[in-house]
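Q: Predicted model, plus sequence, below.
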Protein chains: 2
Amino acid sequence: MAAVGIKTGIKTGMKIGVLAGRSGLPVKTLRYYEDLGLLPAIGRSEGGYRLFAEQSLRRLEFIRRLKTLGLSLEEIQGCLVVHDAGDLPCADIQIQLERQIGRIDAQIEELGQLRQELQGLLAGWQSDPAKEGDVICPNLRV
Amino acid sequence: MAAVGIKTGIKTGMKIGVLAGRSGLPVKTLRYYEDLGLLPAIGRSEGGYRLFAEQSLRRLEFIRRLKTLGLSLEEIQGCLVVHDAGDLPCADIQIQLERQIGRIDAQIEELGQLRQELQGLLAGWQSDPAKEGDVICPNLRV
DNA sequence: CGTGATTCTCCACTCCTGGGGAGACTTTAT
DNA sequence: ATAAAGTCTCCCCAGGAGTGGAGAATCACG
């Protein structure tokens, strides 16, 4: 079974349900990824069934990792497009990655600022301020 | 103009356009907030026009502030419900803010990990590695 | 060869925060 | 009194990441 592809020289591949089972992702999600171009199938069977290569598992693992790290599918696709652009010299990919790091730094910076603002707000927080008028919460100079 | 409501003792209020002008928010947004229950109108005119109290401005300012601090409208509504019940929602707001800071921290942490991963990838980058097999760019092993 | 499991495409729906516009009605200003 | 401006409700649209179902086709097993 595992060696089916070896017998014939013909293009073989997992059907979507197998890939779903091995990757742990729902079939729907795999189709969704394929539609987006994140996870290209190597082709279709006679009956039109998607066929995926073994590499798809690695690719899905890569996607999963980046996803858990908070990247959007669009950002991940950016990485994969670069990855798949085989004709481009590695230097271009390097630039893409550096750009990606720059974007991440900007995001971290932005989040840090927001965090600081919230922290500063809480720092001066009074747990039981005097009620006055129709003030909603005296801690917030609204 | 500003004193129109004083002449009659009858329940008066801003129409939505006035509140929009004074708050700087689009009419659509105010209607949306009213629909959600975030910004109750004091009533309707004969013709069915929403009428808002002066306090609505303060309330909108409160909403705006919490929004810029990253709270969802639902979380803000939670605070406002407490407020409308007669209490100062200080404690609730505090909890929401702390929760928000926690979320930001987690996000920063994850981004930092991704950054490190990409950085590590670039650290071992070879500008012109030998191509081998079906690896498109040997620097990127997924 | 039949039957059930798998897969296909297409459409709709979720949550969130509104934006755009249609068509009808109310209010205001001249 | 009439025209213009404001407001009403209702419905569709966006993006992000899928999920669910209908109906049709295909595959695998006995």
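A: In hand now; what should we look at?

Q: For the most centrally placed residue in chain A, which non-adjacent residue is spatially closest?
A: Central residue of chain A (C-alpha atoms, centre = their mean): A:Lys67, 3.2 Å from the mean position. In this structure, A:Lys67 finds its nearest non-sequential neighbour in A:Ile76, 6.8 Å apart by C-beta to C-beta, 6 or more residues apart in numbering or on different chains. All C-beta atoms are positioned from the backbone trio N, CA, C, and that covers glycine.

Q: For the one you found, report the pLDDT, please.
A: As predicted, A:Ile76 sits at a pLDDT of 84.

Q: Is there proximity between the helix or strand harbouring it and DNA strand C?
A: If you go by DSSP states H and E, A:Ile76 is part of helix A:73-84. No. Applying C-beta under 7 Å from any atom of the strand, one finds that helix A:73-84 is not in contact with DNA strand C, the shortest distance being 14.4 Å.

Q: tell me the contacts of the closest residue to A:Ser45 other than its chain neighbours?
A: If you skip the residues right next to it in sequence, A:Ser45 has A:Leu51 as its closest partner in space, 5.9 Å away by C-beta to C-beta, 6+ apart. By C-beta atoms under 8 Å, 6 or more residues apart in numbering or on different chains, the contact set of A:Leu51 is A:Lys11, A:Thr12, A:Gly13, A:Met14, A:Lys15, A:Ala41, A:Ile42, A:Gly43, A:Arg44, A:Ser45.

Q: Quick one: residues contacting A:Ile63.
A: Per C-beta under 8 Å, 6+ apart, neighbours of A:Ile63: A:Tyr33, A:Leu38, A:Leu39, A:Leu73, A:Ile76, A:Leu80.

Q: which among those residues are in contact with DNA strand D?
A: A:Leu73.

Q: any idea what A:Pro40 is structurally, helix, strand or coil?
A: coil (DSSP: H, G, I helix; E, B strand; the rest coil).

Q: burial measure for it, as a count.
A: By the criterion of other C-beta atoms under 10 Å in any protein chain shown, A:Pro40 has 16 neighbours.

Q: does it really touch A:Glu34, like I thought?
A: Yes. Using C-beta atoms under 8 Å, A:Pro40 makes contact with A:Glu34 at a distance of 6.9 Å.

Q: got any ranges where chain A has weak pLDDT?
A: Across chain A, the ranges flagged by pLDDT under 70 are A:1-11, A:69-70, A:85-93, A:96, A:125-142.

Q: and the residue of it nearest DNA strand C?
A: Here the residue of chain A nearest DNA strand C is A:Gly17; by C-beta to the nearest atom of the strand that distance is 2.3 Å.

Q: what helices or strands is whichever strand or helix holds that residue leaning on?
A: Taking DSSP H and E as the criterion, A:Gly17 maps to helix A:16-23. Judged by 3 or more C-beta pairs under 8 Å, 6 or more residues apart in numbering or on different chains; DSSP states H and E, the packing partners of helix A:16-23 are helix A:27-36, helix A:55-68.
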